[in-house]
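>>> One predicted model, sequence on top.
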Amino acid sequence: MPGHISDERIPNNVDLGGDKRLQRALERWQPDFIDWWMDMGPEGFQVKDIYLRTAISVESGGWAHFDYVRMPEYRWGIFLEPRKEDRVIGFGDEMGKPVWQEVPGEYRNMLRRIIVTQADTEPASVEQQRLLGQTAPSLYDLRNLFQVNVEEGRHLWAMVYLLHSYFGRDGREEAEELLDRRSGDEDHPRILQAFNWPITDWLHFFCFTMFTDRDGKFQLGALAESAFDPLARTTRFMLTEEAHHLFVGDTGLNRVVRRTAELMRQHGDDGVRAAGGIPLDLIQRYINLWYSLSLDLFGGEISSNAADFFATGLKGRWKEDRYEEHTGLGQSYTMNKVEDGRLIEEDVPMRNAMNEVLRDAYVADCMKGLARWNKSLVKAGLSDQLTLPDRKFHRQIGIYADMHFSPTGDLIDEATFEKHASSWLPTDEDQAYVASLMKPVYEPGKMASWIAPPLRGINGRDIEFEYVRL
Ligand SMILES: [Fe+2]
Ligand SMILES: [Fe+2]
């Protein structure tokens, strides 16, 4: 019910009470989830009151409720967009047929892998960020960190619901595994590499929420088109929450840039460090790192898996509706490849290029963020600009993985790359410097020296509002 938090143990809009077996299975998983949250969730703030948003329904306008809550008492619920009775498959070989309410046997393994891979990123990011609360630049930022963390927890619930209700015993086993893997663990790591790096400072955090969460946006968007209707309806609602995570990253970086610009004007380029700010070239190196790590998450440029996902209707394109043609047959995608030591163009069948098509949508979205930050620099009267590196730069996955490219996309040899690496990617000194700035600021309304205040507070509250009661 909108505006009302249900008193069930697991808040939901899927009539969980009507399926006792499923309800019992999820109620058995719940204490394991809480144990995981206590072990691996934000360290040091579990008994504090935090001004958080909780999803209580899927009604637009009334879906969220804001109040003080202690994180372990957060009401993690299961919410799917309402079912549209006449929804049909929008792309691929089965286009026009009714969407599936159950998992077709022949796609069971593929779908389970897609869901588990998405699900694994949710707890992983909470683990990566668990120490950041100790160095938050303001109470506003501290609250935003925890908001992101609890919602990633809810996204895990969303995926575990699908595993439990549609994949039987293997689904339940996968749900257990999701609480067993650990970000960065040598023997039992998270599935995707970008989710095994610890997020040790807030510049990493803002880059992560800007670039890595944004990969999530596009993956969820592609799954929101899926022929497996429960997956489409789940991911659609997850995107509503995800928008705030991207906001945290985008505006967080913009505030860092604004502060740096202010200090550059007052003290000159070389005075930024002495004034406790983060130099622009260092910000650029962090951008280069997280953008390239996040590009890898889209997978290989030429992929038969991607072709299968599209053909079968499991995974569409970003906003499939905006395309005129939905089979992807008889079309090609022109891609840059390296042959005999030089870059050439090659046409690849469209379906095999679907990862690259999704990556294109992502790149365009990232550019918008860059444009906003560059506007802040112009507004401050500076001629410096930030850039996104070429998509071939610093890649570990796909057709550019075993080669070296400059940030402008020139093919170079390893020695040249190594020679420039310290001006292209964060160095140990960069990270040590950023770490030296990471001192908590917990007084309401106050900001650390390296970041500008936000333009406004959360949910109509002032910037000075006590977002976390310490
Ligand atoms: Fe998420
Ligand atoms: Fe997220």
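Ah, there it is. Ligands and ions are numbered 1, 2, ... in the order given.

>>> pLDDT below threshold where in this protein?
In the predicted model of the chain, residues 1-7 satisfy pLDDT under 70.

>>> Where does the closest residue to ligand 1 within the chain fall, secondary structure wise?
Going by C-beta to the ion, ligand 1 is nearest to His155 of the chain, at 3.7 Å. Bear in mind the C-beta positions are built from the backbone N, C-alpha and C, glycine included. According to DSSP states H and E, His155 maps onto helix 139-166.

>>> got the buried residues for the helix or strand following that helix?
Tracing the chain past helix 139-166, the next element assigned as helix or strand by DSSP H and E is helix 168-180. By 16 or more other C-beta atoms under 10 Å, the buried positions in helix 168-180 come out as 171-172, 174-175, 178-179.

>>> Does helix 168-180 reach ligand 1?
No: contact between helix 168-180 and ligand 1 is absent, the nearest approach being 13.0 Å (criterion: C-beta under 5 Å from the ion).

>>> What lies in contact with that helix?
25, 29, 32-33, 35-36, 112, 116, 119-120, 123, 156, 159-160, 162-165, 167, 188 (C-beta atoms under 8 Å, 6 or more residues apart in numbering).

>>> follow-up on the earlier one: what is the burial count for the residue of the chain closest to ligand 1?
Neighbourhood size, His155 [other C-beta atoms under 10 Å]: 27.

>>> who's in contact with it?
119, 122, 238, 241.

>>> can you list those in TSV and add secondary structure?
Listed next are these as TSV, based on DSSP: H, G, I helix; E, B strand; the rest coil:
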residue	secondary structure
Ala119	helix
Glu122	helix
Met238	helix
Glu241	helix
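
>>> Name the member of those residues with the most neighbours.
Met238 (25 neighbours).

>>> For the helix or strand where Lys375 lies, which residues meet the burial criterion?
Element membership for Lys375, per DSSP H and E: helix 354-379. Across helix 354-379, burial judged by 16+ other C-beta under 10 Å covers 354-362, 366, 369-370, 373-374, 376-377.

>>> So which of those residues is the closest to Gly17?
Proximity of those to Gly17 was ranked by C-beta to C-beta; the top entry is Leu358 with 37.6 Å.

>>> Nearest residue to the middle of this protein?
For the chain, the residue nearest the mean C-alpha position is Asp213 (1.4 Å; C-alpha atoms, centre = their mean).

>>> residue contacts, it?
125, 148, 242, 245-246, 249.

>>> Repeat that for Met367.
Leu388.

>>> For Gly460, give its distance to Glu443.
21 Å (C-beta to C-beta, to the nearest Å).

>>> same thing with Ala25?
From Ala25 over to Glu443 (counting by C-beta to C-beta), the distance is 46 Å.

>>> Which strand or helix spans the closest residue to Gly409 other than its chain neighbours?
Leaving aside its sequence neighbours, Gly409 sits nearest to Asp390 (C-beta to C-beta, 6 or more residues apart in numbering; 3.1 Å). Under DSSP H and E, no helix or strand contains Asp390.

>>> got it, and Leu343?
strand 342-349.

>>> Within range of ligand 2, give me the residues from the protein.
213, 242, 245.

>>> quick one: the last one and Thr209 touch, right?
What it means is His245. Yes: between His245 and Thr209 there is a contact under C-beta atoms under 8 Å: 5.2 Å.

>>> Spell out which residues are contacts of both of the two.
Val148.

>>> Which residue ranges of the protein form strands?
For the chain, the strands defined by DSSP state E occupy 49-55, 64-69, 332-339, 342-349, 404-405, 411-412, 468-469.

>>> The fifth one: partners in the sheet, and parallel or antiparallel?
So the one you mean is strand 404-405. Note on strand 404-405: by DSSP bridges, its sheet partners are strand 411-412 (antiparallel).

>>> can you check the third one too?
Strand 332-339 pairs in its sheet with strand 342-349 (antiparallel), by DSSP bridges.

>>> residues in contact with the partner strand?
By C-beta under 8 Å, 6+ apart, strand 342-349 touches 301-302, 307, 331-338, 356, 411.
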